[in-house]
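**Student:** Model the structure of this input:
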Amino acid sequence: MVPTPFKRIDPQSLQLKETVVSINRVTKVVKGGKNLSFSALVVVGDPGQKVVGYGTGKAKEVPAAIKKGIEAAKKRLRKIHMLETTIAHPVTGRFGAGLVLLKPAPQGTGIIAGGPVRAVIEAVGVPNVLTKNLGSRNPHNAVKATLDALAKLRDKSETADMRGLALEKL
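**Tutor:** Residues are numbered from 1 along each chain as shown. I've put the predicted structure just below:
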């Protein structure tokens, strides 16, 4: 599947909040021993503007890895289509072995999600949604699958154009 191109969003104009999804200690075995470093998976988003992105960073210390992850996430921001309080329709997203199901929920339900999926949903600012992680529980794949699902959401005008109908008939 070819990834959908998305327009670059300027992070300076947004009120971004950062969430660290996972931190992993990684080692590289070299001639002199083991080189220890840290890898951080970070999700950033502006709930008011419905914008979200993710990034990874690697460094010798955790704070430096998180900072690199935030900078990478700001370069990958994308706008999400949704209704006032929930998403428009059920959708599944896949990345690798990760499979995430997102379903609309009535007002007052809240975010029913776990771990990495919750971080992405909170960052984008969806107040009511039901989710289920059906595939791999790997945080990287879960975040990417959730973003794939959110990217598949369509607004009414887009759906009407695809079907060749007037917006009122939808």
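
**Student:** all contacts plus neighbour counts: C-alpha atoms, from now on.
**Tutor:** Will do.

**Student:** Stretch 147-167: how far from the chain's middle?
**Tutor:** From the chain centre to the centre of stretch 147-167 is a distance of 19 Å (C-alpha atoms, centre = their mean, to the nearest Å).

**Student:** what do you get for stretch 68-75?
**Tutor:** With C-alpha atoms, centre = their mean, you get 13 Å for stretch 68-75.

**Student:** in it, what counts as buried?
**Tutor:** Of all the residues in stretch 68-75, those buried under the rule 16 or more other C-alpha atoms under 10 Å are 68-74.

**Student:** List the ones among these that fall in helices.
**Tutor:** If you go by DSSP state H, those have 68-74 in helices.

**Student:** Quick one: the residues you listed as JSON lines, columns for distance to Pro127 and pLDDT too.
**Tutor:** Shown next, in JSON lines, are those (distance: C-alpha to C-alpha, whole Å; pLDDT from 0 to 100):
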{"residue": "Lys68", "distance to Pro127": "28", "pLDDT": "96"}
{"residue": "Gly69", "distance to Pro127": "25", "pLDDT": "96"}
{"residue": "Ile70", "distance to Pro127": "23", "pLDDT": "94"}
{"residue": "Glu71", "distance to Pro127": "26", "pLDDT": "94"}
{"residue": "Ala72", "distance to Pro127": "26", "pLDDT": "94"}
{"residue": "Ala73", "distance to Pro127": "22", "pLDDT": "93"}
{"residue": "Lys74", "distance to Pro127": "22", "pLDDT": "91"}
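
**Student:** Identify, from those, the entry nearest to Ile112.
**Tutor:** Ala73 (24.1 Å; C-alpha to C-alpha).

**Student:** Against Val42, how distant is that closest one?
**Tutor:** According to C-alpha to C-alpha, to the nearest Å, Ala73 stands 7 Å off from Val42.

**Student:** Common neighbours of these two, please.
**Tutor:** Shared contacts of Ala73 and Val42, defined by C-alpha atoms under 8 Å, 6 or more residues apart in numbering, comprise 54-56.

**Student:** Take those and lay them out in TSV including neighbour count, secondary structure and distance to Val20.
**Tutor:** Shown next, in TSV, are the shared contacts of Ala73 and Val42 (neighbours: other C-alpha atoms under 10 Å; DSSP: H, G, I helix; E, B strand; the rest coil; distance: C-alpha to C-alpha, whole Å):
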residue	neighbour count	secondary structure	distance to Val20
Tyr54	28	strand	10
Gly55	24	strand	10
Thr56	23	strand	10
